[in-house]
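Undergrad: What would the 3D arrangement of this be:
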Amino acid sequence: MTDAGPDIVTGIVIRLAAADEMASLERLIAGSARALSKGFYDERQVEAAIAHVFGVDSQLIADGTYFVAEAEGRTAGCGGWSRRRTLFGGDRFAARDAALLDPAVDAARIRAFFTAPGQQRRGIATRLLQACEEAAARAGFARVALMATLPGVPFYAAHGYRPDAPIEQSCGGVAVPFIPMAKELLQK
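TA: This is a model prediction of the structure:
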């Protein structure tokens, strides 16, 4: 998907992320994690996840599958999809696997969704998710999978994703729970 243009109802613009905005996206991700994880993770878990898992995966930007949402001319969120094996984790996450998935048998990955503090519940993540699902379907994928943060589970469930058994990811020795989720895409 290229520039989707402004949304008449919400004024949200979805566009591809650029490599030169990685630093600002990293700040958005850290701010989002700190603000929106309250009540789901303790401070130690949030900081460990920021240090070891959360962040931009530069491979997504290079692949042209990472999007930025702008509202009123400001970056309000980011998120992407991938045709690569890695299910979650930014550049700092050592367990990434850049091998390509087979759309005939594998699920595309929904990756690194974060909304800027104060921008939640405005349709930003929904627009990003729609852009990702549509792009994955155009690439031939019939299913999508993701690793949800605890605060993200209700959002993804509301969009048809089904949870699997929770996992605990060690982030520098701190156990951080996540929920794998998946969805069948409607083929048009």
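Undergrad: Could you pull out the buried residues of the lengthiest strand in the chain?
TA: What stands out as the longest strand in the chain, according to DSSP state E, is strand 174-184. For strand 174-184, burial by neighbour count (16 or more other C-beta atoms under 10 Å) applies to 174, 176, 178-183. For glycine as for every other residue, the C-beta is placed from the backbone atoms N, C-alpha and C.
Undergrad: which two in the residues you listed are spaced the farthest apart?
TA: Within those, two members stand farthest from each other by C-beta to C-beta: Val174 and Lys183, at 29.1 Å.
Undergrad: pretty sure Ala108 contacts Phe141?
TA: Yes - using C-beta atoms under 8 Å, Ala108 is in contact with Phe141, at 3.9 Å.
Undergrad: Quick one: the helices in the chain, in order.
TA: For the chain, the helices defined by DSSP state H cover 22-36, 43-52, 58-63, 124-138, 153-158.
Undergrad: now the fourth one: how far from the chain's centre is it?
TA: It refers to helix 124-138. Relative to the chain's own centre, helix 124-138 is displaced by 10 Å; criterion: C-alpha atoms, centre = their mean, to the nearest Å.
Undergrad: Give the residues shared as contacts by Ala108 and Phe141.
TA: The contact sets of Ala108 and Phe141 overlap at 83, 101 (C-beta atoms under 8 Å, 6 or more residues apart in numbering).
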